[in-house]
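Peer 1: My questions are about this predicted structure, shown below with the sequence.
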Amino acid sequence: MGITHGGLLGADFGRLEIVAETWKSMADTLESEAGAVEQCKRGDGASLGADNWDGDAAEAGRARVRDLTVALDDRAAEARRVWAAITEAAEEFGLCQRELQALVEEAPSRGVQVAEDGSVTTPHTASTRQQQQVVIVRGEIDAVLERATAADEALKAAIGIWAGTFSESERLDLIHGAGDEAQELHELIDSGASPDAVNDWWSGLSEAERLGVLEGSPGLIAGLDGIPTDTRDAANRDLLDSELDRFAPTLDGDIASLEDRIAELEADWDEIVASDDRERAMELEDLQAELEGLETQRDQRDSLANLQEAIAGRAPSGQEYLLLGYDSAEDGKAIVAVGNPDTADNTAVYVPGTGADLDGASGTLLDRVDAMATDASQPAGSGETAVVLWLGYDAPNNPITDSPSISYAEDASAPLASFMSGLEATNHDPDGTTTTVVGHSYGTTVIGQSAGEHGLATDQIVAVASPGMNVDHAGELGIDPDDFYTTTAPGDVINVAAETGTHGADPNDSGVNWDGEHVGVDWEGFGGNTFTSEDMDGNAIDIHSNYWDQGNIARENLALIFTGNGGQVE
Amino acid sequence: MPDDSSSEMPELEFTLDEAFIRMDDAVAETIAGLPDFPGFHERTTLKFECPDPDRESYEINYTLPESTIGSELVTEDYFAVLKEYWPSLGWEVHGEREYPDGAMKGIEAIRPDGVNVWYSNMLGQIVIHAQVACVSPGGGPVECGPPLGGVLPEDDRASHCTVVEPEESEDASADAAAPFEDGQAVVRPFGVPVREPEAIPVPASYDEHL
């Protein structure tokens, strides 16, 4: 049933706004408490830390605290979504109310009157023009009421899902109500629709339909470029929760039992061999294979649990974490944003290099992203910078045997280009936002391959410690060479790789020796800008990872570039 | 060019347990020497990897208020003051840099205990960083004091240490424990049930519940 004329005009939305603020306070409190609970086990010295409590019970206790932290964080996110939904609805209601009020007040000047019940009438001796105005005004009023009704339905769906007020049948109704849309989305994906097309389609849905797709088919949208970041985050967190739930709760115990039995058999191994006990020998082999499988499961579970825990709460910069994608298969993949790139003033997308994996996404790589986001908040007038860890590809594992291959970059090329196009499609102001793609080591090769092959929707490209970008000039990256920045610290071991020319010209080279020889007049250097980074007194290998160390001027320079102050880099 | 051997990590005289207290202390000492100090707007913390996997590096960043951006006091005068003041405390000024147009400028000094303080001008915005490099884990809780310079609780983003209040009053705890005491009303603008959330009893500390 729709909202009536009298209902809209007479409604008081002040209380609704107060309720919204209470939900926001609730979210803040839950988030803060999640941090407080988490502190109980963080670090060696914490009450439940490893130094103070050891053993199986301690592990179980810490796991419980972890679950509690994640649960509190999830509830905080839901409360925040309720706040956002109510705030949005209150704004739309208020706007509709004011427009309706204006229509009523202006009606006499248009030769018609609007009664309290919303009916539009004319004097007894109405002219043709006045009769036409009755129809027009009636249509305008109906349009306002329809908008208010749509906002009301969207609010109902959002409250139902995020505040958990829906019964199971209501939830299913919402999902079934969006069944056609989910099918359409399937077809859109199968047709190879661009992120732009996906975003256009998504924008055309009602809020209830979007929530229905999110609730019923999170797997469809979790990794889909062109879907807004906050929606992808909700879908991915939902999937991550479900995936963690699928691991057997007895997994650790099962592994311990297997290890005990294997130890027994191994202790008896001489006797097994001497007595030619094939049955026990076979049992040992089977158990070892079974153990290997369970250990793989445990590693996957732990990596996912660490990721989930790492993105609970707020980043050190005070920004929210958003999960735009993950995959636990093999080394794992993860796309994590610090700050929402759809609404931030600047966005930097960090593509890590050799050795990057799911564990890094909750460890060192995330620390770097945290540091870049914090650093980028510091230049005066910089606005908010969202920094995204894009580990949406299988990075090489071994710098000697894997990294010389271009195949990893070739495989990553299309996904990175699609991701960047997706960010552009979902951005609130793509023309006004400064977007930068920054790669480290092999990550720069990925960027070069992707930019050269597909083009990247970015304003700037930064190469840190690049072994080569599979192009010979910054102009081949699809951006103005003046918007290309590169650095390699003196003494970095990557210089050796860059000099071989395996992945093309050395981006830091000025025109000679990129392939180990003078190249003469045909090549005048890679182009673009270089900026300073320091070796931090490390050895050749450590220097390669030192760019995000405290005090390295590279961090300051990156912050300047990300915030559109590249002209200031040293 | 550095050699290929592993970097030697200098041993600090303190562990992670004390690191944040010491970093805050170094900042407090620094601002004590700054005349007409305007206070801070925000505190953040960061963690960094260390070549020694058993150790980590940490940083506290204090941002000055927006109202000070570009002011001569903080972007010029304080640099001159610190250049004299830090050595008077026995600290070693070991880094000074200024970009050609002066929009980016930094000066840093290391305290005898190894805490590094870096006063940085980022296009007019001043940030004071306190840093410890590759600190070993301790055994006790990783605590930090309340933020310095009037940082409001909502602008304190110390996420790598537990903030310990020197003296926490009963009244303050009680206020924090019942933020939603009155909020149970139901609002139905158009029949949509929009209810305020249930009150959450929040303890002052979870340690006592363990």
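Peer 2: Ah, there it is.
Peer 1: State whether A:Ser32 is indeed within a strand.
Peer 2: No. Judged by DSSP: H, G, I helix; E, B strand; the rest coil, A:Ser32 forms no part of a strand; its state is helix.
Peer 1: Could you give the number of residues near it?
Peer 2: If you count neighbours by other CB atoms under 10 Å in any protein chain shown, A:Ser32 ends up with 18. For every residue, glycine as well, the C-beta is placed using N, CA and C.
Peer 1: Over to the one 5 residues further on?
Peer 2: Taking other CB under 10 Å as the criterion, the count of residues near A:Val37 is 20.
Peer 1: Next one: it from chain B, what distance?
Peer 2: Per CB to the nearest CB, to the nearest Å, A:Val37 is found 6 Å from chain B.
Peer 1: Run a quick check on B:Ala133 versus B:Val115, I expect a contact.
Peer 2: No. Counting by CB atoms under 8 Å, B:Ala133 does not reach B:Val115; the two are 9.5 Å apart.
Peer 1: Counting neighbours, go ahead and name the busier of the two.
Peer 2: Neighbours were counted for B:Ala133 and for B:Val115 using other CB under 10 Å; B:Val115 has more, 25 against 22.
Peer 1: can you list the domain ranges for chain B.
Peer 2: Following automatic domain parsing, one finds the domains of chain B at B:16-163, B:171-202.
Peer 1: model confidence over stretch A:532-545, on average?
Peer 2: What stretch A:532-545 shows for mean pLDDT is 89.
Peer 1: Correction: the previous question concerned stretch A:322-340.
Peer 2: 95.
Peer 1: near chain B at all, it?
Peer 2: No. Using CB under 8 Å from any CB of the partner chain, stretch A:322-340 never reaches chain B; the gap is at least 11.9 Å.
Peer 1: Distance from that stretch to the middle of the chain?
Peer 2: Between the centre of stretch A:322-340 and the centre of its host chain there is 7 Å, according to CA atoms, centre = their mean, to the nearest Å.
Peer 1: First-to-last residue distance for that stretch?
Peer 2: 7 Å (CA to CA, to the nearest Å).
Peer 1: List the buried residues in stretch A:465-484.
Peer 2: A:465-474, A:476-479, A:483-484 (16 or more other CB atoms under 10 Å in any protein chain shown).
Peer 1: Tell me the one of those nearest chain B?
Peer 2: Closest approach to chain B among those (CB to the nearest CB): A:Ala465, at 14.9 Å.
Peer 1: That closest one touches A:His440, doesn't it?
Peer 2: Yes. The pair A:Ala465 and A:His440 passes the contact test of CB under 8 Å, sitting 6.0 Å apart.
Peer 1: Name the residues contacting each of the two.
Peer 2: A:Gly353, A:Tyr547 (CB atoms under 8 Å, 6 or more residues apart in numbering or on different chains).
Peer 1: Can you lay out the domains of chain B as TSV showing distance to chain A and mean pLDDT?
Peer 2: Shown next, in TSV, are those (distance: least, CB to the nearest CB, whole Å; pLDDT from 0 to 100):
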stretch	distance to chain A	mean pLDDT
domain B:16-163	4	94
domain B:171-202	4	45
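Peer 1: from those domains, which stretch is densest packed?
Peer 2: Counting by mean count of other CB atoms under 10 Å in any protein chain shown, domain B:16-163 has the highest mean neighbour count of the domains of chain B, with a mean of 18.
Peer 1: B:Leu89 is in contact with B:Ala32, isn't it?
Peer 2: No. Counting by CB under 8 Å, B:Leu89 sits too far from B:Ala32 to count as a contact (9.4 Å).
Peer 1: ok, residue 17 - contacts?
Peer 2: Reading this off chain A. Neighbouring residues of A:Glu17 by CB under 8 Å, 6+ apart: A:Ile86, A:Thr87, A:Ala90.
Peer 1: You answered for a different chain; I wanted chain B.
Peer 2: A:Gly45, B:Gly138, B:Gly139, B:Gly140, B:Pro141, B:Val142, B:Glu143.
Peer 1: Grab the two from those that are most spread out in space.
Peer 2: Greatest spatial distance in the contacts of B:Asp17: B:Gly139 and B:Glu143, 12.9 Å, computed using CB to CB.
Peer 1: can you give me the helices for chain B?
Peer 2: Secondary structure of chain B (DSSP state H): helices located at B:16-32, B:72, B:78-88, B:170-177.
Peer 1: A:Arg280 is nearest to which of these?
Peer 2: Of the helices of chain B, nearest to A:Arg280 by CB to CB is helix B:16-32, at 48.8 Å.
Peer 1: mind listing what residue 107 touches?
Peer 2: Unless you meant another one, I'm taking chain A. Counting by CB under 8 Å, 6+ apart, A:Ala107 has contacts A:Gln113, A:Val114, A:Val120, A:Val137.
Peer 1: nope, chain B please
Peer 2: B:Ile107 neighbours (CB under 8 Å, 6+ apart): B:Phe79, B:Leu82, B:Lys83, B:Val93, B:Gly95, B:Glu96, B:Trp118, B:Tyr119.
Peer 1: how is chain A carved up into domains?
Peer 2: Looking at automatic domain parsing, the domains of chain A come to A:1-163, A:166-213, A:313-568.
Peer 1: any idea which residue sits dead centre in the chain?
Peer 2: As the question left the chain open, I've gone with chain A. Nearest to the mean C-alpha position of chain A, by CA atoms, centre = their mean, lies A:Leu324 at 3.0 Å.
Peer 1: Chain B is the one I meant
Peer 2: B:Ile60 (3.5 Å).
Peer 1: who touches it in this structure?
Peer 2: Applying CB under 8 Å, 6+ apart, we find B:Ile60 in contact with B:Phe20, B:Met23, B:Asp24, B:Val27, B:Arg43, B:Thr44, B:Thr45, B:His129, B:Ala130, B:Gln131, B:Cys144, B:Ala158.
Peer 1: Looking at those residues, which one is closest to A:Ala315?
Peer 2: B:Thr44 (9.4 Å).
Peer 1: Can you name the residues bridging to that closest one?
Peer 2: B:Thr44 forms beta bridges with B:Asn61, B:Arg157, as assigned by DSSP bridges.
Peer 1: Direction included, what does the biggest strand by length in chain B pair up with?
Peer 2: In chain B, with assignment by DSSP state E, the single longest strand is strand B:125-135. Counting by DSSP bridges, the strands paired with strand B:125-135 are strand B:56-63 (antiparallel), strand B:116-122 (antiparallel).
Peer 1: Can you spell out which helices and strands pack onto the helix or strand bottoming out on mean pLDDT in chain A?
Peer 2: For chain A, counting by mean pLDDT, DSSP states H and E, helix A:494-500 ranks last in confidence among helices and strands (a mean of 83). The helices and strands touching helix A:494-500, judged by 3 or more CB pairs under 8 Å, 6 or more residues apart in numbering or on different chains; DSSP states H and E, number zero.
Peer 1: how does it look with 10 Å?
Peer 2: helix A:442-453, helix A:540-543 (3 or more CB pairs under 10 Å, 6 or more residues apart in numbering or on different chains; DSSP states H and E).
Peer 1: contacting residues for residue 70?
Peer 2: Reading this off chain A. Contact partners of A:Val70, counting by CB atoms under 10 Å, 6 or more residues apart in numbering or on different chains, are A:Ala34, A:Glu38, A:Arg237, A:Leu240, A:Asp241, A:Leu244, A:Ala305, A:Gln308, A:Glu309, A:Ile311, A:Ala312, A:Gly313.
Peer 1: was after chain B, sorry
Peer 2: By CB under 10 Å, 6+ apart, the contact list for B:Gly70 reads A:Ala380, A:Gly381, B:Ala103, B:Asn121, B:Leu123, B:Gly124, B:Gln125, B:Ile126.
Peer 1: B:Pro87 now?
Peer 2: Residues near B:Pro87 by CB under 10 Å, 6+ apart: B:Val93, B:Ala109.
Peer 1: quick one: which of the contacts of B:Asp17 is nearest to B:Glu72?
Peer 2: B:Glu143 (37.1 Å).
Peer 1: Quickly find the element holding A:Val462.
Peer 2: Using DSSP states H and E, A:Val462 falls within strand A:460-464.
Peer 1: What lies in contact with the next helix or strand after that strand?
Peer 2: The helix or strand immediately downstream of strand A:460-464 is strand A:484-487, counting by DSSP H and E. Here strand A:484-487 makes contact (CB under 10 Å, 6+ apart) with A:436, A:438-439, A:444, A:451, A:460-466, A:469, A:473-475, A:477, A:506-509, A:526-534, A:547, A:553-554, A:557-558, A:560-561, A:566, A:569.
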